[in-house]
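1. Provide a 3D model corresponding to the input given below.
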Amino acid sequence: HLGDHLVHDNGERFLGLGTNLAWTEWGSGFTVYDDWLVALNNNGGNFIKITMAPWIFGLEWGSGTLGNYNNRQNRAWGLDWIFDKMTEYGIYCQFHFLVHDELRPDNNTGWNENPYKSANGGPCNNPQDFFTNATAKKFYKQKIRYSIARWGYSSYLHSWEIMSEADNTGFFESYQPDIYNWLIETAEFVKNRDVYQRPVTSGF
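-> Next up, the predicted model:
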């Protein structure tokens, strides 16, 4: 339970109370977050989860976009706006880089559209290669560096989640060691670059 372990700089205990507001569809309008955050604040909440899922805040998606965030700066600006709203309403967030759906071959917004896929100009023939391919690791860490540089300033960014539901890719059972090693390596990378040393986790 968060309140037993986390404190503010002044020593005051932090007790997170909130919900998963990971995404809405981009086409539906991200400004719905204003309504959500107001409602959460009005009901005593102070904690949410936000994800960089490709259908909302992902910086790269589709063929030829790996490592190029230019075409999705509107998504990044949407996150800028939400961080301003979190500051306004006193809401903390767990910030999440990767949703498992991106690596699922059977998902509509999954592997077939993933910029890491070789058919889309990426370095990986198969989704499981994402966890071992050196070029894939380089580009994923680049996205993390960018995210920390852009949003890591916020005192309302509570923690990082490097991947959600790592066991729900559809191939976890056969590649557990590779995925585990990737999680450890990526977590250490985040810790070494976040000067505020926020907690780092992954979902299962």
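2. Any stretches of the protein with poor pLDDT?
-> Residue ranges of the chain with pLDDT under 70: 1-4, 108.
3. ranges for the helices of the chain?
-> With helices called from DSSP state H, the chain shows them at 32-42, 73-89, 134-151, 176-193.
4. and of the ones you listed, who's closest to residue 26?
-> helix 73-89 (7.0 Å; CB to CB). Quick note: C-beta positions are derived from backbone N, CA and C, even for glycine.
5. thought residue 83 was touching residue 155?
-> No. If you go by CB atoms under 8 Å, residue 83 and residue 155 don't touch, sitting 10.2 Å apart.
6. And the two? Which one has more around it.
-> The neighbour count for residue 83 versus residue 155, taken as other CB atoms under 10 Å, is higher for residue 83 (20 against 11).
7. Apart from its neighbours in sequence, what residue is nearest the more buried one?
-> Closest residue to residue 83 apart from its sequence neighbours, by CB to CB, 6 or more residues apart in numbering: residue 154 at 5.1 Å.
8. any idea how far that neighbour is from residue 30?
-> As judged by CB to CB, to the nearest Å, residue 154 and residue 30 stand 17 Å apart.
9. Over to residue 164?
-> Counting by CB to CB, the gap from residue 164 to residue 30 is 19 Å.
10. do the same with residue 132
-> Taken as CB to CB, the span from residue 132 to residue 30 is 34 Å.
11. Mind checking which of those two has more residues around it?
-> Higher neighbour count among residue 132 and residue 30: residue 30, with 20 against 14, using other CB under 10 Å.
12. and the more buried one, how far is that from residue 58?
-> Taken as CB to CB, the span from residue 30 to residue 58 is 13 Å.
13. what's the answer for residue 66, then?
-> Distance of residue 66 to residue 58, computed by CB to CB: 12 Å.
14. again, but for residue 145
-> Distance, residue 145 to residue 58, using CB to CB: 16 Å.
15. Give me the more crowded residue out of these two.
-> Using other CB under 10 Å, the more surrounded residue of residue 145 and residue 58 is residue 58, with 25 against 14.
16. Help me confirm that the more buried one comes into contact with residue 72.
-> Yes. If you go by CB under 8 Å, residue 58 and residue 72 touch, sitting 6.8 Å apart.
17. Just give me the neighbour total for the closest residue to residue 121 other than its chain neighbours.
-> In this structure, residue 121 finds its nearest non-sequential neighbour in residue 64, 4.8 Å apart by CB to CB, 6+ apart. Residue 64 sits with 11 neighbouring residues when counted by other CB under 10 Å.
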